[in-house]
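**Student:** sharing a sequence plus its predicted fold:
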Amino acid sequence: MIIPNGFFGAQPLRPENEIRVEKFFESCGFKTVLSGAVGFGLGIAVGLFTASVGPELAPVNNQTQTVKEVLREMKGKSMSYAKNFAMLGAMFSATECAIESYRGTHDWKNGTLAGGVVGGAIGLRAGIKGGVLGAAGFAAFSTVIEYYFN
């Protein structure tokens, strides 16, 4: 079926299943899960890197560590980073999507506000001052990233 499309002529009507798939990929749930998964993978990579250069892998009292001990430490550090990055990514994505849905517009302010909310929530573990500094820092970082990618 062909429908008129203003000044640019006719354009075919999109199938229902294509519209459904597009809505699924643009949903807040999908974006949150995807951000968590990507954060988990990035956290593993960062954890492996930091574990390979960390001082805790140095021998203690001139005793060499076994490969099994080194791998155990690397796994622990990688999983720690992976969980933290996954949680951070999921929190940011869900917050940004909720703000965007509430505001009804897609612009740089959504990322800045989401960064402030998530940074403040994470920083509150260190007290009010940590929450304020976390909110300001994460909001500034989110603004720079939004500006750079847009």
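**Tutor:** Yes, it's here.

**Student:** make it CA atoms for all contacts and neighbour counts henceforth
**Tutor:** Noted.

**Student:** which residue is nearest the centroid of this protein?
**Tutor:** A centroid search over the chain (CA atoms, centre = their mean) returns Gly89, at 2.3 Å, as the residue closest to the centre.

**Student:** check for me that it belongs to a helix.
**Tutor:** Yes. Gly89: assigned to a helix according to DSSP: H, G, I helix; E, B strand; the rest coil.

**Student:** tell me who's in contact with it.
**Tutor:** Shown in contact with Gly89 (CA atoms under 8 Å, 6 or more residues apart in numbering): Thr32, Ser35, Gly36, Val38, Gly39.

**Student:** now, those that are in helices?
**Tutor:** Judged by DSSP state H, these include Thr32, Ser35, Gly36, Val38, Gly39 as members of helices.

**Student:** tabulate those residues (a markdown table), appending pLDDT, neighbour count and distance to Gly134.
**Tutor:** Putting the ones in helices among the contacts of Gly89 into a markdown table (pLDDT from 0 to 100; neighbours: other CA atoms under 10 Å; distance: CA to CA, whole Å) gives the following:
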| residue | pLDDT | neighbour count | distance to Gly134 |
| --- | --- | --- | --- |
| Thr32 | 96 | 22 | 21 |
| Ser35 | 96 | 22 | 20 |
| Gly36 | 97 | 25 | 20 |
| Val38 | 97 | 17 | 22 |
| Gly39 | 97 | 22 | 19 |
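
**Student:** which one of these is nearest to Thr64?
**Tutor:** Nearest to Thr64 among the ones in helices among the contacts of Gly89: Gly39, at 33.4 Å, using CA to CA.

**Student:** so what's that closest one closest to, chain neighbours aside?
**Tutor:** Ala86 (4.2 Å; CA to CA, 6 or more residues apart in numbering).

**Student:** C-terminal to the strand or helix carrying the one you found, which secondary structure element comes first?
**Tutor:** Counting by DSSP states H and E, the element that carries Ala86 is helix 67-103. Scanning forward in sequence from helix 67-103 by DSSP H and E, the next helix or strand is helix 108-123.

**Student:** which residues touch that next one?
**Tutor:** The contact list for helix 108-123, computed with CA under 8 Å, 6+ apart, reads 88, 91-92, 95-96, 99-100, 130-143, 146-147.
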